[in-house]
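**Q** predicted model, plus sequence, below.
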Amino acid sequence: MTMIQKIRTAIENGRPKETEKLIMEALSQGVKPSAMLEEAMIPAMRSAGEYYKNNDGDIPRILAAARSMRKGLDILEPYMETEGVKPLATIVLGTVKGDLHDVGKNLVAIMFRSAGFKVIDLGVDVSEKEFLKAVRRNPDVSMVCISSLLTTAMPEMRHVVKSFRESKDMAHIKIMVGGGSIDQEFADQIGADAYTETAVDAAEKAKTFLV
């Protein structure tokens, strides 16, 4: 089994320490960080995401895979910068005000990072003003991803999207929504640019906005 295959297997099986060890070993052997990312880490998270979608959400397993992925990215990011690998785009991400759930949001953040996006994660319970402020502070942001698991937080999501649409300097921002309480019909109603059911789909959908 090659180092690339070992790294992929470690992530898929949710073994963060083993992932770290293998990546450090691969670096010492001269394996390119971009090769590890594209041939091992991204396919591993895609595989874990598909498993999550098809097995009614085995949360512990997908979170273990996500932790492994995060550990690997933490090691590789400095090397990717020296390789001159630029992010595809910058995304602001957060769970709306009134909702403290972060499992889905964290998975989306991992998938975006592994797909080559720079992610500014605002956390949970994020107000409309905080979303707007984050975008204004980071002029390179081109997308905002808003998450909510609770139906009680859906009006806040509507409020966030409305605020972006009414801000003249935000016309270029694409807005993606997702979470357990959200569906395509609601996304259309509030004027979001996209809705996806899974973290894997979110990263793929975001790529379609890149020109």
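**A** Done, it's in. Numbering: from 1, shown residues only.
**Q** after whichever strand or helix holds residue 110 comes which helix or strand?
**A** If you go by DSSP states H and E, residue 110 is part of helix 103-114. Following helix 103-114 in sequence order, the next helix or strand is strand 118-121 (DSSP H and E).
**Q** distance from the helix or strand just after that following strand to the middle of the chain?
**A** As assigned by DSSP H and E, the chain's next helix or strand after strand 118-121 is helix 128-137. Taking Cα atoms, centre = their mean, to the nearest Å, the mean C-alpha location of helix 128-137 is offset from the chain mean by 18 Å.
**Q** which strands and helices sit next to helix 128-137?
**A** Helix 128-137 makes packing contacts with strand 90-95, strand 141-147, helix 154-166 when contacts are defined by 3 or more Cβ pairs under 8 Å, 6 or more residues apart in numbering; DSSP states H and E. For glycine as for every other residue, the C-beta is placed from the backbone atoms N, C-alpha and C.
**Q** which strands and helices sit next to the second one?
**A** With contacts defined as 3+ Cβ pairs under 8 Å, 6+ apart, the secondary structure elements packing on strand 141-147 are strand 90-95, helix 103-114, helix 128-137, helix 154-166, strand 174-178, helix 199-207.
**Q** longest helix anywhere in this protein?
**A** The longest helix of the chain (DSSP state H) is helix 59-82.
**Q** which of the helices and strands packed on helix 128-137 sits closest to residue 78?
**A** strand 90-95 (18.2 Å; Cβ to Cβ).
**Q** in its sheet, what does the closest one sit against?
**A** With DSSP bridges as the test, strand 90-95 is paired with strand 118-121 (parallel), strand 141-147 (parallel).
**Q** that older thread, which of the helices and strands packed on strand 141-147 sits closest to residue 47?
**A** Per Cβ to Cβ, nearest to residue 47 of those: helix 199-207, 9.3 Å.
**Q** what angle do the closest one and helix 59-82 make?
**A** 40 degrees (axes from the mean of the first three to the mean of the last three Cα atoms, to 10 degrees).
**Q** quick one: contacts of helix 199-207?
**A** 45-46, 49-50, 52-53, 88-89, 91, 104, 107-108, 110-112, 114-115, 117, 143, 145, 174, 176, 178, 194, 196 (Cβ atoms under 8 Å, 6 or more residues apart in numbering).
**Q** put the alpha carbons of it into PDB.
**A** Extracted C-alpha coordinates of helix 199-207, given in PDB (Å, rounded to 0.1, in the frame of the first residue of the first chain):
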ATOM      1  CA  ALA A 199     -21.600  18.800   3.100                       C
ATOM      2  CA  VAL A 200     -20.100  17.000   0.100                       C
ATOM      3  CA  ASP A 201     -22.600  18.600  -2.200                       C
ATOM      4  CA  ALA A 202     -22.000  22.000  -0.700                       C
ATOM      5  CA  ALA A 203     -18.400  22.100  -1.800                       C
ATOM      6  CA  GLU A 204     -19.200  20.800  -5.200                       C
ATOM      7  CA  LYS A 205     -22.000  23.300  -5.700                       C
ATOM      8  CA  ALA A 206     -19.700  26.200  -4.500                       C
ATOM      9  CA  LYS A 207     -17.300  25.400  -7.400                       C
END
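**Q** before I go, just wanted to say thanks for your time.
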